[in-house]
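In: sequence and predicted structure, then a few things I'm wondering about:
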Amino acid sequence: MAKEWFDPKAGLGDASEIDPAVEGSETGPVTDEAEAAKVDSGSARQESDPEWEEDDREKEETAAPRAPGPSWAVRLGALARKAPTAAATAVVARLPAARAWLVPRLPRLVITIVAGWLLLASFPPKNWWWAAVVAFALLAWVLTRPATTLVGGLGYGFLFGLVFYLPLLPWISTLVGFVPWFALAMVCALFPALFGLFAVVVRRLPGWPIWFALTWAAQEWLKSFFPFGGFPWGSVAFGQAEGPLLPLVQLGGVPVLSTATVLVGCSLTALALEIVRWLRASGQARGRAVKDAAADTAAAHTADPPLPAVVLPGVCICLVLLAAVVVWPHVRHAGTGSGGEPAITVAVVQGNVPRLGLDFNAQRREVLDNHVRETLRLAEDVRAGSAPQPQFVIWPENSSDIDPLVNADAGQEIQEAAQAIGAPILLGAVLDVPGRMQETPEYTNTVIVWNPVTGPADRHDKEIVQPFGEYLPMPWLFRHLSGYADRAGHIVPRQSSDVVHIAGVPVGIATCWEVIFDREPRKAVLSGAQLLAVPSNNATFNKTMSEQQLAFAKVRAVEHDRYVVVAGTTGISAVIAPDGAELARTDFFEPAYLDAQVRLKTTLTPATRWGPIMQWTLVGAAGAVILVAIWHNWWFARPNHWRSGRRGESEDCGPPPQGKSDGGPETARDTPPDEVGGDEAAPDDEVGGDHPPPDKGGSHTPLHRGGRQLRHFGRHRGAT
């Protein structure tokens, strides 16, 4: 009868037939099962009978109006009061999981941070050249851990880059503020992140320290032209200006010096890992021999582990040091002037600016007056015999932001200074682009030769202009992201030979920003430059930035075997010998001049001749090694290579499986170098916890959800 009562197609029947236990009236209790059946039956009736829905709607329409609910303001206020509590509760609830994730990774995170700081310490103002070697030794240890996966390598590389670039580039914030500085550091950190990713890919191949070094060279090459024309600031070679490896830059330029530094660091890690593995294996063998006193001598010798594989990393370190020792005598002799080249006297004028920052341009006439005044002081000292007569004088970039070709008053001041010193002046000016038909202003950052009698002569227009400083890339976007965007200049690049002739001397010009790009100084030397000049304007930055730029000039001097003259509006101005030594320098943010003798050189170094070929060779080798490592395990054919196939396993999986791979038969392989040194077993949260090792009756081999065996990079463990 209960079934008939709840059947929507059946009649109500006689009331006397109603079961009291089903109805739930006073005649009997209602059980939980009956109540649930009643609700389910009513829902079924409501879904199957459209008339039921009509009746409900009519009842709702005829019902009395409800009292108005709380307003939106009251609801938002209640949500705002509950939000902090809910957020705190969510954070507390996630603390155990976060702790479980962090604890096994904490040593690698700390070592990565230390490595990034050490690489920073190799740059000015500290100049700890050895710190770069230690930095890459530590980073290589992190990236060769079995628990470090692809995603882990990407993350550790990014952290390494962020710790390095954030304190390396704070002078950017004085120009455009905190947010663009942080954004630039984030973008730069993406390149070490790529290195970390591909280092994990190639770490299982034999000779992994070499492949690590090549991979780093490839990411530096990519960073030198992308994005917005590239930002090579921070190349490892620029931190070796005071180190013994600096002569290597003469063999193949900045890429070779960076590669050699990274190679030494990674090779030291390989040596340490192999020695630790051998010592541990020896200790275990001795322990077994003591326990098994009945074993004969032959068996005991058989149980001894093989000698550590230290030949390859040792050879790498020796080759790098030997090459530096072989090249050093030539570099040293060039610095002492033993080649018999003709010598000339060059003067550098640092006029200073009224104040640091972007607003220095508001006093453009005062900046020009400062340089004229300092040149007149030099002329007086020459006449008094306290300073030698220079063959020409070099002024810095932006020493005349007033166009002297248009403004007759500015041109007259420069003419008087040149006549007073009795020598031509090489000065930096901002010139209006002739014949411009656009409404937007356009200027060129130009270095002009100004003769005492005939006036302006040769000129060099800056080819590589600084994004966000001298021009604003993608203005339709960045004008809305930063209030500093409108303060960017309107400098346009123009092609040039990078060489000007002043007093009969071909001088190569790399204006400020251009000195960090390999192609500009090389182009000038190949065009016949016998001396390099770096006019710069650091009034928008600070002393640390000037020290870093001076280190770049030292590297260029050794790379191309040329004297380099650095002229800054606020400093640091200097004269640098071909061995990287400073012959003279000024202090920062003070008016001064330098008067020094330099030699004109015409020889071409291997870096000048074949630098681009060497760089492309390194990049090509890195690409080939990465492809070989990927092909080695058919990575492209594996759809789920980023995760293990078993549910509940961490994506940061541990060591590779033993035995066969589904790409071929089981092969005998040695233990890879990244699985020694005390990290053979990954932390519990980074390996499949439900996969006990084979010696305990289990298997390390996780499966994909589709039942296929997971593919790993490189060689498999456990082969005999």
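Out: Nice, thanks for sending it over.

In: where does pLDDT dip in the stretch 201-350 of the chain?
Out: 285, 287, 289-308, 338 (pLDDT under 70).

In: do a quick rundown of the strands in it.
Out: In the stretch 201-350 of the chain, the strands defined using DSSP state E, counting those that start in this stretch lie at 343-350.

In: and if you look at the stretch 501-650 of the chain?
Out: Taking DSSP E, counting those that start in this stretch, the strands of the stretch 501-650 of the chain run over residues 505-509, 531-536, 564-568, 574-576, 582-585, 592-599.

In: contacting residues around the second one?
Out: Strand 531-536 is contacted by residues 346, 394-397, 399, 426, 428, 447, 505-512, 515, 521, 524-525, 549, 553, 556-557, 560, 562-569, 598, 600-601 when judged by Cβ atoms under 8 Å, 6 or more residues apart in numbering. Every residue, glycine included, has its C-beta placed from N, CA and C.

In: out of the strands of the stretch 501-650 of the chain, deepest packed?
Out: Across the strands of the stretch 501-650 of the chain, averaging neighbours per residue (mean count of other Cβ atoms under 10 Å) puts strand 564-568 on top, at a mean of 30.

In: okay, now the sheet partners of that one, with direction.
Out: strand 531-536 (parallel), strand 574-576 (antiparallel) (DSSP bridges).

In: tell me the angle of it relative to strand 592-599?
Out: Counting by axes from the mean of the first three to the mean of the last three Cα atoms, to 10 degrees, strand 564-568 lies at 170 degrees to strand 592-599.

In: what lies in contact with strand 564-568?
Out: The contact list for strand 564-568 (Cβ under 8 Å, 6+ apart) reads 346, 348-350, 394-397, 531-538, 546, 549-550, 553-554, 556-557, 572-576, 586, 598.

In: for the stretch 401-550 of the chain, give me the ranges with low pLDDT.
Out: Residues of the stretch 401-550 of the chain meeting the criterion pLDDT under 70: 435-438, 476-489.

In: can we see that at 90?
Out: Along the stretch 401-550 of the chain, the parts satisfying pLDDT under 90 run over 401-403, 406-407, 430-444, 465-497, 513, 537-545.

In: check contacts around the spatially closest residue to residue 172 that is not a sequence neighbour.
Out: Closest residue in space to residue 172, ignoring its immediate chain neighbours: residue 181 at 4.2 Å, by Cβ to Cβ, 6 or more residues apart in numbering. Taking Cβ under 8 Å, 6+ apart as the criterion, residue 181 is in contact with 169, 170, 172, 173.

In: just the buried members of those?
Out: For those, burial is judged from neighbour counts taken by 16 or more other Cβ atoms under 10 Å, and it is met by 169, 172.

In: ok, residue 421 to residue 407 distance?
Out: The gap separating residue 421 from residue 407 is 21 Å, by Cβ to Cβ, to the nearest Å.

In: repeat that for residue 550.
Out: With distances taken as Cβ to Cβ, residue 550 is found 32 Å from residue 407.

In: how about the contacts made by the closest residue in space to residue 547 that isn't next to it in sequence?
Out: The shortest distance from residue 547 to any non-neighbouring residue, by Cβ to Cβ, 6+ apart, is to residue 124 (3.7 Å). In this structure, residue 124 makes contact with 241, 544, 547, 548, 550, 551, judged by Cβ under 8 Å, 6+ apart.

In: of all those residues, which two lie farthest apart?
Out: Using Cβ to Cβ, the two most remote members of the contacts of residue 124 are 241 and 544, lying 14.5 Å apart.

In: more neighbours: which of these two?
Out: Neighbour count, other Cβ atoms under 10 Å: between residue 241 and residue 544, residue 241 has more, with 26 against 17.

In: biggest helix in this structure by residues?
Out: Taking DSSP state H as the criterion, the chain has its longest helix at helix 72-121.

In: helices and strands around it, which ones?
Out: helix 129-143, helix 150-168 (3 or more Cβ pairs under 8 Å, 6 or more residues apart in numbering; DSSP states H and E).

In: any chance of those helices in a markdown table, plus distance to residue 263?
Out: Converted to a markdown table, these look like this (distance: least, Cβ to Cβ, whole Å):
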| stretch | distance to residue 263 |
| --- | --- |
| helix 129-143 | 9 |
| helix 150-168 | 17 |
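
In: mean neighbour count, these: which tops it?
Out: With neighbours defined by mean count of other Cβ under 10 Å, none of the helices and strands packed on helix 72-121 is more surrounded on average than helix 129-143, at a mean of 24.

In: now do that one against helix 150-168, angle only.
Out: For helix 129-143 and helix 150-168, the angle between their directions (the same axes, to 10 degrees) works out to 160 degrees.

In: helix 129-143 vs helix 72-121, what angle?
Out: Taking the same axes, to 10 degrees, one finds helix 129-143 and helix 72-121 inclined to each other by 120 degrees.

In: please save the CA atoms from helix 129-143 in PDB.
Out: C-alpha atoms of helix 129-143 as PDB (Å, rounded to 0.1, in the frame of the first residue of the first chain):
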ATOM      1  CA  TRP A 129      86.400  36.500  -9.600                       C
ATOM      2  CA  TRP A 130      86.600  33.000  -7.900                       C
ATOM      3  CA  ALA A 131      83.100  33.300  -6.600                       C
ATOM      4  CA  ALA A 132      81.700  32.600 -10.100                       C
ATOM      5  CA  VAL A 133      83.500  29.300 -10.200                       C
ATOM      6  CA  VAL A 134      82.100  28.300  -6.800                       C
ATOM      7  CA  ALA A 135      78.700  29.500  -7.800                       C
ATOM      8  CA  PHE A 136      78.500  27.200 -10.800                       C
ATOM      9  CA  ALA A 137      80.000  24.300  -8.800                       C
ATOM     10  CA  LEU A 138      77.100  24.700  -6.300                       C
ATOM     11  CA  LEU A 139      74.400  25.100  -9.000                       C
ATOM     12  CA  ALA A 140      75.700  22.100 -10.800                       C
ATOM     13  CA  TRP A 141      75.300  20.000  -7.600                       C
ATOM     14  CA  VAL A 142      71.700  21.100  -7.300                       C
ATOM     15  CA  LEU A 143      70.900  20.300 -10.900                       C
END
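
In: mind giving me the packing neighbours of that helix?
Out: The criterion is 3+ Cβ pairs under 8 Å, 6+ apart, and the helices and strands that helix 129-143 contacts are helix 72-121, helix 150-168, helix 178-202, helix 208-223, helix 254-291.

In: for the record, mean pLDDT for it?
Out: Helix 129-143 carries an average pLDDT of 97.

In: got it, and stretch 630-643?
Out: Stretch 630-643 carries an average pLDDT of 55.

In: ok, back up a step: can you put the strands paired with strand 564-568 in a markdown table and add distance to residue 131?
Out: Putting the strands paired with strand 564-568 into a markdown table (distance: least, Cβ to Cβ, whole Å) gives the following:
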| stretch | distance to residue 131 |
| --- | --- |
| strand 531-536 | 26 |
| strand 574-576 | 23 |
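
In: for those strands, which one sits closest to residue 622?
Out: Between residue 622 and the strands paired with strand 564-568, the shortest separation by Cβ to Cβ is 30.0 Å, and it involves strand 531-536.

In: CA atoms only: put that closest one into CSV for me.
Out: What follows is strand 531-536, C-alpha atoms only, in CSV (Å, rounded to 0.1, in the frame of the first residue of the first chain):
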residue,chain,number,x,y,z
LEU,A,531,92.3,52.8,-30.2
LEU,A,532,88.9,52.3,-28.6
ALA,A,533,86.9,55.1,-27.0
VAL,A,534,83.8,54.6,-24.8
PRO,A,535,82.1,57.9,-24.2
SER,A,536,79.3,57.4,-21.7
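
In: let me know the secondary structure of the residue nearest to residue 547.
Out: At residue 124, secondary structure determined by DSSP: H, G, I helix; E, B strand; the rest coil is coil.

In: poorly predicted segments of the stretch 551-700 of the chain, please.
Out: Of all residues in the stretch 551-700 of the chain, those with pLDDT under 90 make up the ranges 571, 588-590, 630-700.

In: try the stretch 51-200 of the chain
Out: Within the stretch 51-200 of the chain, the ranges that satisfy pLDDT under 90 run 51-105, 169-184.
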